[in-house]
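Visitor: Predicted model and sequence follow; I will ask about them next.
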Amino acid sequence: MSAILSSAFRASIPVMFGYVPLGMAFGILFQNLGYAWFYAPLMGITVYAGAAQFMAVGLLAAQASLFEVAISTLILNSRHMFFGVSLLGRYRATGLKKLYLIFGLTDETYSLITSTQSPDSQHEQDYYVALTALNQCYWVTGCALGALFGANVEFDTAGMDFALTALFMVLMLEQWKKLREPYPFLVALACGVAALLLFREQMLLVSIGLCIALLLARGKHSRVTL
């Protein structure tokens, strides 16, 4: 078990360097709404959705209703349905483990699960759980530190949000090192640009849907030709 945890920690280091500062930025913004500091890490534990949590800050600041917050969060996080479908063959855990893997699935966790391997194939599900738990710990820690700093220290946070962009670039490079296949990346780029130009308000969902459709079509075509 120690080997699995150690391997998961090494694999999750890039996420740690992204989640902690991003979590701190969220904690500072959330605390500035006037809530007690511990609500920020509590939200990281119960909601655990970085983009949705940042969106919630704006919605709460605008005094949006709970229904509006819930619907907006559902729409923003609906992309995880596509992630979940592609992980059906990997998530063979049962009971609480499977429920936690579903709850803790994020963009970054998905990238690590699909680009790294467990040191012990017989305990692959434990490796996935360790990756998921470590990533959430990083996020919650960042939320708590940010809220505490925001309540007691004044400092300039300009540029902290770039950590998310840098994190995605690192994860993309990890995927490239494993696949060495340009087609998925070119498809993602083309779909992203097309969705941005034609469906700006729903860019993320449309681009993900187009990517999946094209990749599935290519996979089906490859099986037919074989």
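Guide: Yep, that arrived.
Visitor: average pLDDT across stretch 151-171?
Guide: The pLDDT scores in stretch 151-171 average 67.
Visitor: Next: stretch 212-226.
Guide: Here the average pLDDT along stretch 212-226 is 69.
Visitor: Find the least confident helix or strand in this structure, judged by mean pLDDT.
Guide: Taking mean pLDDT, DSSP states H and E as the measure, helix 162-179 is the helix or strand of the chain with the lowest mean score, a mean of 70.
Visitor: With just CA atoms, put the helix or strand just after that one into PDB.
Guide: Beyond helix 162-179 on the C-terminal side, the first helix or strand identified by DSSP states H and E is helix 182-198. What follows is the C-alpha trace of helix 182-198 in PDB, where atoms were taken according to Å, rounded to 0.1, in the frame of the first residue of the first chain:
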ATOM      1  CA  PRO A 182      -1.100  13.800 -32.800                       C
ATOM      2  CA  TYR A 183      -4.600  13.000 -34.000                       C
ATOM      3  CA  PRO A 184      -6.500  13.500 -30.600                       C
ATOM      4  CA  PHE A 185      -4.600  16.800 -29.900                       C
ATOM      5  CA  LEU A 186      -5.300  18.100 -33.400                       C
ATOM      6  CA  VAL A 187      -9.000  17.200 -33.100                       C
ATOM      7  CA  ALA A 188      -9.200  18.900 -29.700                       C
ATOM      8  CA  LEU A 189      -7.600  22.000 -31.100                       C
ATOM      9  CA  ALA A 190      -9.900  22.100 -34.100                       C
ATOM     10  CA  CYS A 191     -13.000  21.500 -32.000                       C
ATOM     11  CA  GLY A 192     -12.100  24.000 -29.500                       C
ATOM     12  CA  VAL A 193     -11.500  26.800 -32.100                       C
ATOM     13  CA  ALA A 194     -14.700  25.800 -33.900                       C
ATOM     14  CA  ALA A 195     -16.800  25.800 -30.700                       C
ATOM     15  CA  LEU A 196     -15.300  29.200 -29.600                       C
ATOM     16  CA  LEU A 197     -16.200  30.800 -33.000                       C
ATOM     17  CA  LEU A 198     -19.700  29.300 -33.400                       C
END
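Visitor: switch to numbering from 14
Guide: All right, first residue 14 from here; so that's helix 195-211.
Visitor: for helix 195-211, packing partners?
Guide: Under the contact criterion of 3 or more C-beta pairs under 8 Å, 6 or more residues apart in numbering; DSSP states H and E, helix 195-211 touches helix 216-238. All C-beta spots, glycine's among them, are computed from the backbone N, C-alpha and C.
Visitor: Show me where this structure has its helices.
Guide: Secondary structure of the chain (DSSP state H): helices located at 15-44, 52-59, 63-74, 79-90, 93-99, 108-116, 120-128, 137-165, 175-192, 195-211, 216-238.
Visitor: would you list these in a markdown table and tack on mean neighbour count?
Guide: Written out in a markdown table, the entries for those read as follows (neighbours: other C-beta atoms under 10 Å):
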| stretch | mean neighbour count |
| --- | --- |
| helix 15-44 | 20 |
| helix 52-59 | 19 |
| helix 63-74 | 18 |
| helix 79-90 | 13 |
| helix 93-99 | 14 |
| helix 108-116 | 14 |
| helix 120-128 | 20 |
| helix 137-165 | 21 |
| helix 175-192 | 14 |
| helix 195-211 | 14 |
| helix 216-238 | 14 |
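Visitor: which of these has the lowest average pLDDT?
Guide: helix 175-192 - the lowest mean pLDDT of these, at a mean of 70.
Visitor: Contact partners for the nearest residue to Val82 once chain neighbours are set aside?
Guide: Once its chain neighbours are removed from consideration, Val82 has its nearest residue in Leu72; the separation is 5.1 Å (C-beta to C-beta, 6 or more residues apart in numbering). Taking C-beta atoms under 8 Å, 6 or more residues apart in numbering as the criterion, Leu72 is in contact with 81-82, 85.
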